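Enquirer: take this sequence and fold it.
(chains A and B)
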Amino acid sequence: MATDTYTEFVNSGLGRKITKSLGLPQPAKLRRYRPEAPLIEGPVVVVGASEVADNIAARLLTWDLDVRRHIGPKEKVAAVVAVFDTAATPADLSRNVLELGGMLKQLKPSGRVITVFRDPESTDDPTARAARKGAEGMTRSLAHEMRAGATANGIVLHEQLDATAPGVAGALRYLLSGRSAFVSGQFVSVNSVNGQLPHDWAAPLQDQVAVVTGAARGIGASIAKVLRRDGAQVILVDVPAAGEALAAAANEVEGTALQLDITRDDAAERILDHAQQHYGRLDIVVHNAGITRDKLLANMDAPRWDSVIAVNIESQLRMNRTLLGSELFSRVENGVGPRIVSLASTSGIAGNRGQTNYAASKSAVMGMVSAGSAQLEARHGTINAVAPGFIETEMTAKMPLGTREVARRLNSLSQGGLPVDVAETVAFLASPSAAGTSGLTLRVCGQNLVGA
Amino acid sequence: MADIRDAVIIGANRIPFARAHGAYAKASNQDMLTSTLNGLVARYGLQGAQLGAVAGGAVMKHSKNFNLVRESVLGTPIASNTPAYDVQMACATGMEAIGSLANKIKLGQIDSAIGGGVDSISDAPIVVTDALRGIIMEANRAKTTGQRLKALAKIRPGHLAPQAPGVNEPRTGLSMGEHMAITADQWGISREEQDELALASHKNLAKAYDDGFFDDLVTPFKGVDRDNNMRADSTMEKLGKLSPAFGKDLGDQATMTAANSTALTDGASAVLLGSEEWADERDLPKLANFIDYEEGAVDFVDGAEGLLMAPTYAAARMLKRNNLSFEDFEYFEIHEAFASTVLAQMKAWESAEFCREKLGLDKPLGTIDRSRLNVNGSSLAAGHPFAATGGRIVATLSKLLHGKPGKLGFISVCAAGGQGITAIIEGR
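Expert: Residues are numbered from 1 along each chain as shown, chains lettered A, B, ... in the order given. Purely as a prediction, here's the structure:
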């Protein structure tokens, strides 16, 4: 993995002084999730007067947080949850926005702002949709203004949804925690009352069985580790040629290694057979395996184009068809069915020079996910995607120094993310508490300036 | 003591076999065996598991590796309270380890086990001469400095030459290839049939790889993901061009080349065994049962029998004990030490005279159907890291028989010292 020497430097005494006086970016050490650490330390202020705001405050209280509805001018603030669900017209945003703004200077490092508003798409009333889109735009801009590792994200509530829905609690917890360290300017939509909150928040995937493709190294190995930490049993899949690293990754998470080329016609059958044999169930599928074969389109050849499409999207479509047709991947437990999480990419959102094939495959993943939610809904399951931005991996470590340095600073947190940041978001979307969220592509990019 | 119960072959792992002094030149036996065990543990989720025993060995072994298997196990996530021990029976080491562990499971002494083996030609032990060793030991026993210096003063330059381990038979001074050349000549094995067998081995192994057969039997090591001795593009023409490597004193009659003899290779293998209950408790697959095995040995020193013909005798006893004949077997795995080894064994079993005179049978054991022989390749293509071959064969045969309950597989592995092992595996 690449070492971010600059961030280390900035976070030293002398480095801070020098870089500040030169007006250079100030990447902060991000607060990352540790199961044994408190969810968040310090007062959490709930702004807004509505039933949704009350329900959210009540939920936060059950987590033993220091919940406030107002706060003095001298006190530090850990997080602000600003609720806009009653905003009927853009003018209605003013009061809560200004109250939120008044607290920003009191926000602690790695603090959180979470806005909550109704889904703009679920109303046809121009005034109402304008108000909701306004809340969205404000959140996105605020994310750019956050400092010291703090983030701003939104929870988008479907029209009729009550804030007591498990999905709202799951999203709140994810956004407050260090799991979302590298997520900013993003929106978690909660569409249904589906979801099951864990008995133990430190083990939200207890008794679940997950398969992760491309798990030998990098982001895939990190996903396997986080799923295991969250209580799941993990099947790690990678191509036979990556078997040595795959075995090491599997042994680290006490999982099982399955050497398999996912472009094989019988890939899903082999996964199902393995899951059936070793665990007797399968709850979570993480389509992480992917390849890049970069070339300008003018120089593109068939092997490069076709292999990227075959591995990054066709394999997933084919596997999903078989998986969703199987008994094993249809189990509904506590109202929660199978969950699929796919890896997209910010390249698929913004496009990237030299990556027509890769961007096509990753956009395709997002298309599959948004259309697939209806299919999964029938099984009480979900399908979502995670789109990583610049992540410090073996792959990005090979970029030229200048390009890498620019790429990692081009986001609101002025640093690259870590594989674990992607993994935490995957684990969240795979958890029963996120079962109210489906069809979403969630970016883990530190609010990358590219393709906003 | 409990009733005899099934010894189930659950699964296996090996690293790809690599030609000596190549990809694994810097890997030790312990490195290779540890990696192989790690791959097996990962495949079957054995992290932290306490097993009944792990047994295996190496033919070429450093004296410092006196506890090779135990040390390897300690380098894996297998629970450290798992006993492990070394076994050695030349090229039949792996088979002996697996067979004896299966017996312990059958008797109820243990519920689970891993058997296998490893060998490195590239990391072979080099020792000092016996003369130098004698002087050093004498100096070690000395009580005074004077005595010590006196002993050490005996060292002469000639004592310092390092000695590589011998590959020749200690009692005849002949290499295994030269022994085999004699046997091949006696049985009239032609060059062409040897080359055909070698070609089939490469083609069969390559096809099995392409079909994904080895996806759950092999874990890559040091960047090698297939046996690198394998030549999928080999042809009879190419093989026909090679000059004889053994039996050159036979002149025009010499038939054994580098291609129809196994190459020196490095590698390791391991097979996971367990009782039915143990496999079920851990939700593990049950590929096949290890039914029986038989060791054999022949008097090769004075030339009464060929060095690598012991499995023919073992087979006869084993089949009789189990009341079976060759027609009862679905697949045959005959270790290709040399193509001529396989062909000579098969000719012997077809020979009424041999079966009557040597094996004491009233009729020949019969012909082995070539379409059932080494169907996914054998040692000529894969290579033969001596102690690792048994594990490779048991793994391949067990997977071939899986899903064919009751179907039988036959194994023959010859070994140095005029020994050998045969075994029976039953699909499930």
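
Enquirer: I'd like the distance from the helix or strand of chain A with the lowest mean pLDDT to the chain centre, please.
Expert: Least confident element among the helices and strands of chain A, by mean pLDDT, DSSP states H and E: helix A:13-21 (a mean of 74). Centroid displacement of helix A:13-21 relative to its chain, using Cα atoms, centre = their mean, to the nearest Å, is 32 Å.

Enquirer: which residues touch it?
Expert: The contact list for helix A:13-21, computed with Cβ atoms under 8 Å, 6 or more residues apart in numbering or on different chains, reads A:8-10, A:25-26. Just so you know, the C-beta spots here come from the backbone N, C-alpha and C atoms, and that holds for glycine as well.

Enquirer: return the set of buried residues in that helix.
Expert: For helix A:13-21, the neighbour count (16 or more other Cβ atoms under 10 Å in any protein chain shown) marks A:T19 as buried.

Enquirer: next one: stretch B:345-364
Expert: B:345-349, B:351, B:354-355, B:358-359, B:361, B:364.

Enquirer: thinking again about what came up before, if we take the contacts of helix A:13-21, which one ends up nearest to chain B?
Expert: Nearest to chain B, judged by Cβ to the nearest Cβ, of the contacts of helix A:13-21 is A:E8 at 32.4 Å.

Enquirer: follow-up on the earlier one: with secondary structure added, can I get the buried residues of stretch B:345-364 in JSON lines?
Expert: Formatted as JSON lines, these follow (DSSP: H, G, I helix; E, B strand; the rest coil):
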{"residue": "B:Q345", "secondary structure": "helix"}
{"residue": "B:M346", "secondary structure": "helix"}
{"residue": "B:K347", "secondary structure": "helix"}
{"residue": "B:A348", "secondary structure": "helix"}
{"residue": "B:W349", "secondary structure": "helix"}
{"residue": "B:S351", "secondary structure": "coil"}
{"residue": "B:F354", "secondary structure": "helix"}
{"residue": "B:C355", "secondary structure": "helix"}
{"residue": "B:K358", "secondary structure": "coil"}
{"residue": "B:L359", "secondary structure": "coil"}
{"residue": "B:L361", "secondary structure": "coil"}
{"residue": "B:P364", "secondary structure": "coil"}
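
Enquirer: contacting residues for the closest residue to A:G416 other than its chain neighbours?
Expert: Counting by Cβ to Cβ, 6 or more residues apart in numbering or on different chains, the nearest residue to A:G416 once its immediate chain neighbours are dropped is A:R408, at 3.8 Å. By Cβ under 8 Å, 6+ apart, the residues touching A:R408 are A:4, A:390, A:392, A:396, A:414-416.

Enquirer: please apply the same query to A:K133.
Expert: Going by Cβ under 8 Å, 6+ apart, the list of residues near A:K133 reads A:P120.

Enquirer: list the buried ones in the helix or strand it falls within?
Expert: Counting by DSSP states H and E, the element that carries A:K133 is helix A:126-145. By neighbour count with 16+ other Cβ under 10 Å, helix A:126-145 contains the buried residues A:128-132, A:134-136, A:138-140, A:142-143.

Enquirer: ok, so of the residues you listed, who is nearest chain B?
Expert: Out of the buried residues of helix A:126-145, the member with the shortest distance to chain B (by Cβ to the nearest Cβ) is A:A143, at 41.0 Å.

Enquirer: ok, that closest one touching A:G446?
Expert: No. Applying Cβ atoms under 8 Å as the test, A:A143 and A:G446 come out as separate, 9.4 Å apart.

Enquirer: overlap in contacts of those two?
Expert: With Cβ under 8 Å, 6+ apart as the test, A:A143 and A:G446 both reach A:184, A:412.

Enquirer: quick one: stretch B:65-81 near chain A?
Expert: Yes. Legend: contact between stretch B:65-81 and chain A by Cβ under 8 Å from any Cβ of the partner chain is shown at B:76-77.

Enquirer: contacts only, for the closest residue to chain A within the stretch 251-400 of chain B.
Expert: Nearest residue of the stretch 251-400 of chain B to chain A, counting by Cβ to the nearest Cβ: B:D283, 5.1 Å away. By Cβ under 8 Å, 6+ apart, the residues touching B:D283 are A:277-280.

Enquirer: ok now the host helix or strand of A:A224, how far from the chain's centre?
Expert: A:A224 is part of helix A:218-229 when elements are defined by DSSP H and E. Centroid separation for helix A:218-229 versus its chain: 14 Å, with Cα atoms, centre = their mean.
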